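Peer 1: Generate a structure from the sequence data that follows.
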Amino acid sequence: MRALVLTAIIIIFAFVVKVDLTEGSLQFAAINPKNTENALCEKQREPNYITVQTIQGDTIHSLFALHPAKVPMTFPERLQLFYELNPHLQLQALVPGENIKLPLSFEFENTCGK
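Peer 2: Residues are numbered from 1 along each chain as shown. Predicted coordinates for the structure are as follows:
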């Protein structure tokens with residue numbers, strides 16, 4: 001009987017830890033209330049970019065070479081911005097005729113009303 005109770009306690013404890021790690025702690029949610037207006041404004045910020053239409057044989061490398069960035073940035077940095085602007089392309093190849101956004105700089109355009 002003792003082993004059964006101990007097993008039940010361990011399972012309940014493991015479940016509580018799993019829920020806490022995946023969904024977060026409720027008591028910490030009220031400590032740092034976010035300003036919803038600023039949070040919404042942050043989501044509307046986008047890096048400077050141009051929109052291009054792909055053709056057969058285009059790759060991300062070739063598009064970056066044809067349209068260089070305005071400021072020096074490494075390929076991984078520009079690739080990260082590219083996937084932030086085009087999240088649908090993360091696990092997909094470029095399709096000819098598709099309009100995609102190419103990042104040109106780290107500077108962000110604020111699309112919020114001031």
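Peer 1: could you show me where the strands are in the protein, in order?
Peer 2: 46-53, 99-109 (DSSP state E).
Peer 1: residue contacts, the most centrally placed residue in the chain?
Peer 2: Closest to where the C-alpha atoms of the chain average out (Cα atoms, centre = their mean) is Glu84, at 5.6 Å. Contacts for Glu84 (Cβ atoms under 8 Å, 6 or more residues apart in numbering) come out as 47, 103. Bear in mind the C-beta positions are built from the backbone N, C-alpha and C, glycine included.
Peer 1: Please apply the same query to Leu81.
Peer 2: Listed by Cβ under 8 Å, 6+ apart, the contact partners of Leu81 are 47, 49, 103, 106.
Peer 1: most surrounded residue in these?
Peer 2: Pro103 (25 neighbours; other Cβ atoms under 10 Å).
Peer 1: Residues in a beta bridge with it, which ones?
Peer 2: Beta-bridge pairing for Pro103 (DSSP bridges): Tyr49.
Peer 1: Am I right that it is in contact with Thr51?
Peer 2: No: look at Pro103 against Thr51 with Cβ atoms under 8 Å: they stay out of range, at 11.2 Å.
Peer 1: Low-confidence regions, this protein specifically.
Peer 2: The model of the chain has pLDDT under 70 over residues 24-46, 107-114.
Peer 1: The same query, at a cut-off of 50, please.
Peer 2: Along the chain, segments meeting pLDDT under 50 span 114.
Peer 1: sorry, back to before: which of the strands of the chain has the highest mean neighbour count?
Peer 2: Highest mean neighbour count of those: strand 99-109, a mean of 16 (counted as mean count of other Cβ atoms under 10 Å).
Peer 1: Determine the set of other helices and strands touching that strand.
Peer 2: Applying 3 or more Cβ pairs under 8 Å, 6 or more residues apart in numbering; DSSP states H and E, one finds that strand 99-109 contacts strand 46-53, helix 60-66, helix 75-85.
Peer 1: Many thanks, have a good one.
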